[in-house]
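[1] predicted structure and sequence below. I'll ask about it afterward.
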Amino acid sequence: MMLAVVRSSTLIGVDGFPVQVEVHVGNGLPTFSIVGLPDASCRESRDRVRAAIATSGFKWPDTRITVNLAPTHLRKSGSALDLAIAVGILAASNQLAMGALDGLAFIGELGLDGSLRPVVGALPLVHAMGHLRPVVPPGNLTEARLVRSDALIAGSLVDLVESLEGRSQWVTPHDPDPSPPGLGEEPDLCEVQGQPVAKRALEVAAAGGHHVLMTGPPGAGKTMLAERLSSLLPDLDDELAFDVSRIHSAAGHFHDRDLIRRPPFRAPHHSASLVALLGGGSATLRPGEVSLASGGVLFLDELGEFPAGHLDALRQPLESGQIHIARASNAAVMPARFLLVAATNPCPCGLGRWGECRCSTAALARYGRRLSGPLLDRFDVRLAVERPEAMSVLKGRGEGPDSLSVRVRVAAAREVAATRGVRCNRELRGKEIDKFAPLSPKARDYLRGRLATGVLTMRGAQRIRVMALTIKDLDGADGPIDDVDLYEAILLRGDESTIGVAS
């Protein structure tokens with residue numbers, strides 16, 4: 001009887017968790033069982049591992065084989081444990097020396113011919129291995145080396161065993177040149193014709209992390225403006241770049257040679273399911289659009305066409321920056337710190353106050369009910385986007401600054417916010433707002449009056465103060481919030497009357 005212990009990891013949500021693969025080969029009838037909460041795809045590794053070992057020329061033990069995946073309270077999913085199980089069987093059956101596994105951890109899917117295939121989520125999986133040196137398939141080397149520069153690869157089970165026993169050298173592939181960064185791939189703000197107020201609003205939103213709602217008729221440029229918001233955001237710092245990269249790796253969307261440095265832009269269709277939007281699944285929990293947009297922009301076009309339940313589900317991640325996914329067999333907490341920008345028509349026909357509306361009173365009421373008051377209250381910037389004038393369209397290239405120059409001002413404003421202990425001003429709460437955004441007497445009286453009339457909620461008043469602080473940071477000014485900054489913030493916040501909700 002022999003026992004082998006091999007180190008590996010499994011993926012839950014966007015996080016990797018270390019796993020000990022314990023393989024026992026002992027007396028008894030020839031059976032092969034896997035215990036330790038494996039899901040269906042993980043249990044299927046029995047057939048993949050058996051075929052891979054046989055076709056690679058190794059001997060399959062004709063005894064009782066028990067594989068335990070510890071810790072047993074974590075649900076194991078996917079095929080990333082295939083390689084560790086195969087290595088454990090070879091070690092427990094004396095076909096591989098146990099000492100050769102010291103200090104190593106293994107992830108990878110096995111083909112029936114013994115080849116090693118890449119797995120989803122290699123970056124968080126390798127990160128979960130800690131001090132252990134990872135051995136991964138060639139297709140996961142780029143992600144693995146972002147965590148451990150000394151990561152090893154093997155193309156097949158035969159190559160792996162020969163390298164472990166010292167009969168051949170580990171494969172050392174040529175490192176590709178890093179992808180050149182650049183703004184050229186992103187839409188530029190200067191391409192937008194007209195819309196000076198909207199451009200200013202986007203700059204304020206990017207600097208302070210303020211969520212934006214744009215209302216206007218079709219063809220006014222709402223989508224064009226939204227697509228350029230991410231180009232105004234500064235590059236991600238190391239910590240945020242790693243978080244964004246591991247989210248995209250866990251979703252199987254990571255194809256870069258370096259950490260993701262530019263803020264992502266996600267624009268799900270209004271027909272997306274609730275799971276696609278928020279993340280989750282039945283057995284395997286995967287990140288949704290709110291997590292994939294973390295660190296960047298989530299754009300919801302035709303906001304009024306999204307189901308009301310989908311939109312209200314965004315309220316919690318908009319405040320906390322996280323999405324809590326709970327299922328009967330599993331649970332995960334995934335990042336969801338995104339800047340929300342939404343575009344909607346004023347009514348189903350799209351004309352509203354910009355033309356002769358053809359919608360009935362009942363249709364307007366149904367359209368307005370999809371956007372609840374608490375959700376609308378979380379939009380700091382509410383723009384009524386008009387169609388540009390004919391002369392501005394005929395000029396061709398839009399007037400005003402380009403994305404790069406705006407990004408420099410946004411980065412400077414965010415550096416000021418960092419001195420307050422937050423990434424952007426919208427993260428300020430409670431006493432922090434009183435400390436960093438004090439009001440002048442005139443501004444305080446005006447804001448108190450709007451609260452007394454019920455025009456503003458308490459949350460709305462706090463958001464206006466924070467937005468006024470962002471405006472002050474962009475202008476490089478110090479001191480209390482004066483009435484000019486406050487008026488601009490109130491002007492940008494607008495009201496909800498254009499989308500069928502009473503102000």
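    Done, it's in. Numbering: from 1, shown residues only.
[2] the strands in the stretch 251-400 of the chain, which residues?
    265-266, 279-280, 286-287, 297-300, 322-326, 331-335, 339-344, 381-384 (DSSP state E, counting those that start in this stretch).
[3] nearest to residue 33, of those?
    If you check each of the strands of the stretch 251-400 of the chain against residue 33 by C-beta to C-beta, strand 331-335 wins as the nearest, at 26.6 Å. For the C-beta atoms, the positions are set from N, CA and C on the backbone; glycine is no exception.
[4] if you count neighbours, what's buried in the closest one?
    For strand 331-335, a neighbour-count test (16 or more other C-beta atoms under 10 Å) marks 332, 334, 335 as buried.
[5] what does stretch 122-138 give?
    Buried residues in stretch 122-138 (16+ other C-beta under 10 Å): 122-129, 132-138.
[6] farthest-apart pair in these, please.
    The widest separation within the buried residues of stretch 122-138 (C-beta to C-beta) is 20.5 Å, between 128 and 138.
[7] what's around residue 239, how many residues?
    Each residue near residue 239 was counted by other C-beta atoms under 10 Å, and the total is 9.
[8] likewise residue 419?
    8.
[9] then residue 434?
    Residue 434: 12 surrounding residues under other C-beta under 10 Å.
[10] element containing it, please.
    If you go by DSSP states H and E, residue 434 is part of helix 431-436.
[11] and the gap between the nearest residue to residue 188 once chain neighbours are set aside and residue 172?
    Closest residue in space to residue 188, ignoring its immediate chain neighbours: residue 403 at 4.8 Å, by C-beta to C-beta, 6 or more residues apart in numbering. As judged by C-beta to C-beta, to the nearest Å, residue 403 and residue 172 stand 40 Å apart.
[12] which one's more surrounded, those two?
    Legend: neighbour count by other C-beta under 10 Å for residue 403 and residue 172, higher for residue 403 (23 against 8).
[13] in contact with the more buried one, which residues?
    Residue 403 makes contact with 183, 186, 187, 188, 189, 190, 228, 231, 232, according to C-beta atoms under 8 Å, 6 or more residues apart in numbering.
[14] where's the dip in pLDDT among those residues?
    Lowest pLDDT among the contacts of residue 403: residue 183, with 42.
[15] tell me how this protein divides into domains.
    Domains of the chain are assigned by automatic domain parsing as 2-164, 189-425.
[16] how far does the longest one sit from its chain's centre?
    Using C-alpha atoms, centre = their mean, to the nearest Å, the mean C-alpha position of domain 189-425 is found 13 Å from that of the whole chain.
[17] and if you look at stretch 8-21?
    Distance, stretch centre to chain centre, for stretch 8-21: 19 Å (C-alpha atoms, centre = their mean).
[18] where in the stretch 401-503 of the chain is pLDDT low?
    Flagging of the stretch 401-503 of the chain using pLDDT under 70 yields the residue ranges 495-503.
[19] hmm, try it at 50
    496-503 (pLDDT under 50).
[20] would you map the helices across it?
    For the stretch 401-503 of the chain, the helices defined by DSSP state H, counting those that start in this stretch cover 403-418, 431-436, 441-452, 458-474, 483-493.
[21] cool, the stretch 51-200 of the chain as well?
    Counting by DSSP H, counting those that start in this stretch, the helices of the stretch 51-200 of the chain are 82-92, 122-127, 141-147, 157-164, 196-208.
[22] how about these, which one is nearest residue 252?
    helix 122-127 (10.0 Å).
[23] pull the residues that contact that closest one.
    By C-beta under 8 Å, 6+ apart, helix 122-127 touches 9-11, 14-16, 80, 107, 119, 134, 136, 140, 143-144, 146-148, 151, 245-246, 249-250, 254.
[24] and if you look at stretch 407-420?
    203, 206-208, 231-234, 423-425, 428, 432, 436, 470, 473-474, 476.
[25] and those residues, which are buried?
    Buried members of those, counted by 16+ other C-beta under 10 Å: 203, 206-208, 231-234, 423-425, 428, 436, 470, 473-474.
[26] and those residues, which two are furthest apart?
    Of all pairs in the buried ones among the contacts of stretch 407-420, the most separated under C-beta to C-beta is 231 and 436 at 27.7 Å.
[27] distance to residue 384 for the helices of the stretch 401-503 of the chain - can I get that in a markdown table?
    Below are the helices of the stretch 401-503 of the chain laid out as a markdown table (distance: least, C-beta to C-beta, whole Å):
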| stretch | distance to residue 384 |
| --- | --- |
| helix 403-418 | 22 |
| helix 431-436 | 27 |
| helix 441-452 | 19 |
| helix 458-474 | 17 |
| helix 483-493 | 11 |
